[in-house]
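In: using only what follows, build the 3D model:
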Amino acid sequence: MKYFPLFLLLISIQITCADVIAQWNFNSQPPDGMNGTGTNIPSIGIGTASLIGGVTATFSDGTGSSDPATSDDSGWNTTDYPPLSQGNKTAGLEFSTSTVGYSNIVVRWDHRATKTASKYYRLQYSWDGNIFVDYNTPVIIHVDSTFERQTNSLAAIPNINNNGSFRFRIVSEFESTATGSGLNGYVTPYGTNTYDPNGGTVRFDYVTVFGTLIPGGNTAPTILSSISNQTIRVNHSTGPLDFTVLDAEDAATNLLLSAVSSNPGIVPTGNIVFGGSSSGRTVNVTAADQPGASTITVWVIDTGGKSNSTSFVVTVLPANTAPVISAIPVTNCLINSSAVGIPFTVGDAETPPSSLTLSGTSANLALVPNANIIFGGSGSNRTVSVTPIPGQTGVAPLTVTVSDGTNTATSLFALMVSPSPSVLFLDSFSYANGSIITNSGFLWQNRSGTDGQCQVTNGQLQVSASLSEDIIGKLIGAPYDKNNGTVLYSTFKAKFLTLPNSTPDYFAHFGNGSTLRGRIYAEIPVGSPFGLFRLQVGNATNSVELPMNLTTNVTYTLVTRYNIDTSTTTLWVNPIAETDSSATATDVQTPAAIASYGFRENSTFDATVLIDDLKVGLSFAAVTGTNNGTVTPIPLTWQRIGNNLVLSWSGTNFSLQAAPFPIGPFTNVSSSASPYTNGISGPAKYFRLKSN
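Out: This next block holds a predicted model:
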C-alpha cells in the first residue's frame, strides 16, 4: 500500500505534462444550453466515437463529471447491453484517433452506472484497428449513479505510440473474467439488485486521450480526403471543393495551404483560392479563357516546415455556345389533315447533334396543341410534323426549341390550315399585340418600309397612316401566272378610325415583289359631305370609284376580284352575291403573275384602318363563306337509355335546337349542354345543332 500513492502521483504528473490528442465532452457544438442534446464529434482533435454490440445511446445530463462546462454539460447515456450471460466484452463504446507524433498514451474518462447495470467493464486497445487487447485491470463501479474518474496509462504499450490507427473500447464484462471467479455473467454494483440490460444505463463523459510529443518527432501534416478530378468550361469555376487537413503536432488552424497549377495558361495559380477553417478546408479553381487540362497540386505545410500534398486534374472545355437551328418555312395544310415531315437542321459547337433535344410550343392551342407537334429525323437532320385539331382552320404560330442541356435556340414558323383547296390564304389576326411579322410566326413578311411597324392591336391588324411598312402574305401554290385563266378573290373587314385625305391612296393590294395589282384606294371626293369618304379600285392612273358613301368607326366587308389575264379588278362593299353593285377597273399595266396579298402604311394616306378576317381564294364563294369557321358537320349523336333519349355533341360554339316538325320552326333548348337527356314522351321532337 505504501507504493500506491506514489503510483497515483506519477500518473498525475504524466497527464499534467502531456498534451491532449483528442477529447469528447459530448456537449452541443455550438452550445445550446441544454443537457439533453449533444454530439459525439470530438471537442478537441480528430477522431470518431461509435456504439458497438447493439448498444443504444442518448445524450443526458453530464453534471458531476470532470467537464468544466456548466450550462451545457452533456454526457453519452447508453443502454441495451447484452443479456445476463451473453456477449462478454462485446458491447459498449469504441473510439479512434491518431497518436502520430506522440508517445506515453493515457486514456481517461468519467464513468457512471446505475444499480441495475454491470459492475465490471474493460478498457481494450488496438494498434491496427482490428485486434483488440484487454487492459490489464478491469474498471470497477463502486457508487450508484455517480461519475467515477477512470485513468489508464498505455505508456508501456509501444505499438500504440506514433500510430495513425489507434483505437480503444470500453465494454461491459462478466464477473468471472474481471475477477477470476464468480458468475459467468454480469453482476450489479450491489448484490441485492438484479441486472437489467435494458433498464440499467451507463453514462460516459469527458473521454480524453493524452500523449507526450516525441522529441524531434515533428511529423508531416496530412490531407485526409482526396479531391476528385473536375471538368468545367472556360472562365467558369469548380465551386468550393472540400478536403480535410490534420497534423500531429500543430493545431489545424496553424496549417498553411499553397497550390500550383501545371498549366497556368489553362488555370492560373492565382485562380486557385482556399477557404474554410481549422481542419475543414476548401479550394475553388477558376479556369482562364482557353480549353485544355491542368494538374492542380495542393500543399499543406505545418509550422515546422514539413508538408504533404494531393493532386487532381481540372479539364477545361470550350465555352458552351448556344446550339443553332435553321429557319423553318411557313407551311400549310388542308382541314382534317397534317403537315408532315417539315425538314430543318440543328447543330452545336460542343454537343453532338444526336444529343440535342427538341420541343415545340403552339401560340394557338385551340388549333394545334403542343402534344400535336412531333419530331423525327436524327443527328443534324430533323423533321417536324404538325396535326391540327380536326374540324378547325386558322393560323398557329409554332416555336421549335433546340437545347444542349444548358443553352437553347428557337425557330418560329406558322402553320396555316385552309378549309378547302380554293382558299389560298387566311388570317383572323388572333395574335398577341405587337409586330404582325413576328407574332404571326412570319406568315407575313416585310415588302418595304420600316420592318416591324405594322402592328396587331386587340386581334386586328392596324394600318397606320403615320408609318411606312408594307407587308405581304404568300398565297398557297403561288405564283399564279398569266394566261391560265386564273381569277383571284380577296375579302377582309375594314374599320376606318380616321378619314383619308382628298388625294386617293391605296392600303391593300395583290402583288408579286415590286409588282402591285388590284389596289384598293380611299379618298374624300371633292364636294363630299363632311365625315364621308369613298373607295376606289385599280391603279393610280386608272382607278374607278365605287359610288357608295362610307363613314368612320363602322366595319365594312370589302371584296375584290382580280383577273390576272386581263388585269381587271372589281370591288364590292358588304356584298351578298357576286352580282351585287360593284366598281371595276382595268389596270394599264400589262398582265403579271400574282404571289401574295398585302397591306400598306403610308403617311400620304392619312387614314388609320383596322383590318380583320382576311381570306384570299379562287372563287367568290370560297372567300365570302364563314371566315375561319368549321366547315365539317359537328356530329350530333343519340343513344336510348331506358325511357330517355341522350343527345351528345362536341364543340362549345353550337347550341341545341328543337322543333315539332323536320322543317321547323327550331328554337333553342333552354339550358342545354352535352350530354342532353330528353324523356321519350309526348309529341315528336326534332333536334339540330346551330352555330352560335
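In: nearest residue to residue 148 in space, ignoring adjacent ones along the chain?
Out: Once flanking residues are discounted, residue 148 sits nearest to residue 111: 5.4 Å by CB to CB, 6 or more residues apart in numbering. Heads up, the C-betas are built off the backbone N, CA and C, glycines and all.
In: pull up the pairing partners for the helix or strand where the one you found lies, direction included.
Out: Using DSSP states H and E, residue 111 maps to strand 102-113. Applying DSSP bridges to the sheet, strand 102-113 is found paired with strand 148-153 (antiparallel), strand 202-213 (antiparallel).
In: measure residue 559 to residue 153 for me?
Out: Taking CB to CB, to the nearest Å as the measure, residue 559 falls 112 Å from residue 153.
In: can you show me the helices along the stretch 201-350 of the chain?
Out: With DSSP state H, counting those that start in this stretch, there are no helices along the stretch 201-350 of the chain.
In: so where is the stretch 251-400 of the chain shaky, pLDDT-wise?
Out: Counting by pLDDT under 70, the stretch 251-400 of the chain shows low-confidence ranges at 304-305.
In: so who does residue 454 touch?
Out: Residue 454 makes contacts with 435-437, 444, 461-464, 467, 469, 471, 599, 601, as judged by CB atoms under 8 Å, 6 or more residues apart in numbering.
In: tell me the buried residues in the strand holding residue 111?
Out: Going by neighbour count (16 or more other CB atoms under 10 Å), the buried part of strand 102-113 is 102, 103, 104, 105, 106, 107, 108, 109, 110, 111, 112, 113.
In: low-confidence ranges, the chain, go.
Out: Using pLDDT under 70, the flagged stretches of the chain are 1-17, 216-217, 304-305, 540, 626-634, 651-652, 662-663, 691-692.
In: just to revisit the earlier point, now the strands paired with strand 102-113 in CSV, with distance to residue 492 and mean neighbour count?
Out: Listed next are the strands paired with strand 102-113 as CSV, based on distance: least, CB to CB, whole Å; neighbours: other CB atoms under 10 Å:
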stretch, distance to residue 492, mean neighbour count
strand 148-153, 100, 16
strand 202-213, 91, 24
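In: got the ones you listed as JSON lines, with distance to residue 343 columns?
Out: Below are the strands paired with strand 102-113 laid out as JSON lines (distance: least, CB to CB, whole Å):
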{"stretch": "strand 148-153", "distance to residue 343": "83"}
{"stretch": "strand 202-213", "distance to residue 343": "74"}
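In: what's the closest of the buried residues of strand 102-113 to residue 121?
Out: Of all the buried residues of strand 102-113, residue 111 has the smallest distance to residue 121: 7.1 Å, by CB to CB.
In: isn't that closest one right up against residue 201?
Out: No. Here residue 111 lies out of contact with residue 201, judged by CB atoms under 8 Å, at a distance of 11.8 Å.
In: mind listing the helices for the stretch 51-200 of the chain?
Out: 175-179.
In: so for residue 406, which of the strands paired with strand 102-113 sits nearest?
Out: strand 202-213 (50.6 Å).
In: sorry, back to before: quick one: which of the contacts of residue 454 sit in helices?
Out: If you go by DSSP state H, those have 436, 437 in helices.
In: turn the contacts of residue 454 into TSV, including distance to residue 213.
Out: What follows is those, written out as TSV (distance: CB to CB, whole Å):
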residue	distance to residue 213
435	80
436	84
437	81
444	86
461	89
462	89
463	93
464	90
467	88
469	87
471	88
599	93
601	91
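In: PyMOL command for the buried members of the contacts of residue 454?
Out: Filtering the contacts of residue 454 down to the buried ones (16+ other CB under 10 Å) takes a single PyMOL command:
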select buried, resi 435+436+437+444+461+462+463+464+467+469+471+599+601
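In: which among the contacts of residue 454 gets closest to residue 544?
Out: Nearest to residue 544 among the contacts of residue 454: residue 599, at 20.7 Å, using CB to CB.
In: now do the contacts for the closest one.
Out: 454, 461, 463, 470, 471, 507, 508, 509, 611.
In: rewinding a little: show me what the residue nearest to residue 148 is bridged to.
Out: Beta-bridge pairing for residue 111 (DSSP bridges): residue 148, residue 204.
In: going forward, begin numbering at 25 instead of 1
Out: In the new numbering, first residue 25, that becomes residue 135.
In: enumerate every residue touching it.
Out: 145, 163, 165, 171, 172, 173, 174, 194, 226, 227, 228.
In: and if we set it to 7 Å?
Out: If you count contacts by CB atoms under 7 Å, 6 or more residues apart in numbering, residue 135 has them with 163, 165, 171, 172, 174, 228.
In: walk me through the domains of the protein.
Out: Listed domain ranges for the chain are 28-237, 246-341, 348-442, 449-648, 660-715 (source: automatic domain parsing).
In: picking that back up, dump the contacts of residue 135 into TSV; add distance to residue 605 as well.
Out: What follows is the contacts of residue 135, written out as TSV (distance: CB to CB, whole Å):
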residue	distance to residue 605
163	119
165	120
171	115
172	119
174	118
228	109
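In: of those, which is the nearest to residue 323?
Out: residue 228 (38.7 Å).
In: my guess is the closest one contacts residue 119. True?
Out: No. Between residue 228 and residue 119 there is no contact under CB atoms under 7 Å: 9.9 Å.
In: what's the distance between residue 373 and residue 197?
Out: 71 Å.
In: of those two, give the one with the bigger neighbour count.
Out: Just comparing residue 373 and residue 197: by other CB atoms under 10 Å the higher neighbour count belongs to residue 197, 25 against 12.
In: check contacts around that one.
Out: Contact analysis of residue 197 by CB under 7 Å, 6+ apart lists 112, 113, 144, 145, 146, 162.
In: tell me the contacts of the third one?
Out: With contacts defined as CB under 7 Å, 6+ apart, residue 144 is in contact with 162, 163, 164, 197, 199, 202.
In: any idea how far the residue nearest to residue 172 lies from residue 71?
Out: Applying CB to CB, the value for residue 135 to residue 71 is 19 Å.
In: then residue 457?
Out: Distance from residue 457 to residue 71, by CB to CB: 69 Å.
In: so between those two, which is more surrounded?
Out: Neighbour count, other CB under 10 Å: between residue 457 and residue 71, residue 71 has more, with 20 against 11.
In: what's the closest residue to that one other than its chain neighbours in contact with, if anything?
Out: Counting by CB to CB, 6+ apart, residue 71 lies nearest to residue 121, which is 3.4 Å off, once chain neighbours are set aside. Neighbouring residues of residue 121 by CB under 7 Å, 6+ apart: 45, 46, 69, 70, 71, 190, 233.
In: closest to residue 578 out of those residues?
Out: Checking those one by one against residue 578 (CB to CB), the nearest turns out to be residue 70, at 89.0 Å.
In: now that closest one: which helix or strand?
Out: Assigned by DSSP H and E, residue 70 belongs to no helix or strand.
In: measure the closest residue to it other than its chain neighbours to residue 125 for me?
Out: Excluding the flanking residues, the one nearest residue 70 by CB to CB, 6+ apart is residue 270, at 5.4 Å. Per CB to CB, residue 270 is found 11 Å from residue 125.
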